[in-house]
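Chemist: would you be able to build a 3D model of this:
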Amino acid sequence: MDIYKYLKKDHDKVADLMEQVISTKDLSERQALFETIKLELSLHADTEEKTFYKAIDDATRSKAVEEKVEHANEEHDEIREYLGKLTKTPLTDELWIETFGEFKHSVAHHVEEEEGDIFEKAKKYLSQEEAVQLAKDMDALKKQAKKEMAVSAPAPLPAE
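Modeler: This next block holds a predicted model:
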């Protein structure tokens, strides 16, 4: 699998989770789905920046391409801000679902630009072999980050 299919798979997974958040009325289910989205997007953005975006930056000295990658990084920051806002807002607050809608729109906008403009530009600068290796690199980074999270997570309290 190359980086383009790998990223598309990530994008589709999060889009599906977001649809589930919108369609459920069960607050505990909504919370669990949101926690999954938060984890998936955090891992995705961090590892994408370290692999895919870095590779594009390294492969080109095109100002236009650099600006597109910089813009994508800014959109990642905006998505992180939404995640922070949503985490702090109670699910029972009407503002939560409104903010989630804005967040969903922001993510969809980013995905559309990335799968269009950035993929198109990257394919001009990255070989197919590099694209396959980047998918492997990103996946390895994600797995490592998940391992580190599991190690640093507090142990559950023993049942009485």
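
Chemist: low-confidence ranges in the protein?
Modeler: Counting by pLDDT under 70, the chain has low-confidence residues at 153-160.

Chemist: can you tell me what sits against stretch 12-25?
Modeler: 29-30, 33-34, 36-37, 40-41, 44, 97, 100-101, 104, 107-108, 111 (Cβ atoms under 8 Å, 6 or more residues apart in numbering). Placement of C-beta: from N, CA and C, glycine included.

Chemist: rerun at 10 Å
Modeler: 29-34, 36-37, 40-41, 44, 86, 91, 97, 100-101, 103-104, 107-108, 111 (Cβ atoms under 10 Å, 6 or more residues apart in numbering).

Chemist: please apply the same query to stretch 114-121.
Modeler: 3-4, 7-8, 11, 48, 52-53, 56, 59-60, 62, 64-65, 68-69, 71-72, 75-76, 110, 113, 122, 131.

Chemist: can you give me the buried ones in it?
Modeler: Glu114, Ile118, Phe119, Lys121 (16 or more other Cβ atoms under 10 Å).
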